[in-house]
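**Student:** Sequence and predicted structure below; questions after.
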Amino acid sequence: MDLDTLRTVLIITLSITVTVLAARRFKRWVLQRHLPAVLHAEVLALDVMYHPARLRVVVKVPGPQRIHTRLLDTAHARVHQWDDAELPPGTHAMDRELPALPDGDHVLEVSTATQRTFRTFRLRSA
């Protein structure tokens, strides 16, 4: 085998290796950045209801999970915590009674063992 043939084989092999590595890296980047996380609870809706004041949270759960719900102020300090809910797969509506709160913005935290979701809502009593 002469040196020209060896050089040609090495150039072709190097270009194929670089192409394969670039394709793998691009696939990993797409999977990490642009696909939703699997097996996480999703908050579909959050409604404030009055008389008595309560929150109606609609959650979609892909598998059986324990859902924790907490009420936070706008600085994310805990104000109130409700009992945990064991939910089977599917879409569920949870009603959460609100404690006596001043009017204004508040934050609802919905969390599982692997994630935390925050939703801001406005409470107006008048």
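**Tutor:** Thanks, I have the structure now. Residues are numbered from 1 along each chain as shown.
**Student:** any weak-confidence spans in the chain?
**Tutor:** 1, 36-38, 126 (pLDDT under 70).
**Student:** where exactly do the helices run in it?
**Tutor:** Using DSSP state H, the helices of the chain run over 3-33.
**Student:** what about the strands in it?
**Tutor:** Assigned strands in the chain, in chain order: 42-49, 54-61, 65-72, 78-81, 85-87, 90-97, 104-111, 116-123 (criterion: DSSP state E).
**Student:** Surely E97 and R54 touch.
**Tutor:** Yes - judged on CB atoms under 8 Å, E97 makes contact with R54 at a distance of 5.1 Å. Yep, even glycine has a C-beta here, placed from its N, CA and C like the rest.
**Student:** between the two, which one's more packed in?
**Tutor:** A direct count of neighbours by other CB atoms under 10 Å for E97 and R54 places R54 higher, at 15 against 10.
**Student:** Write down the beta-bridge partners of that one, one by one.
**Tutor:** With DSSP bridges as the criterion, R54 is bridged to M49, E97.
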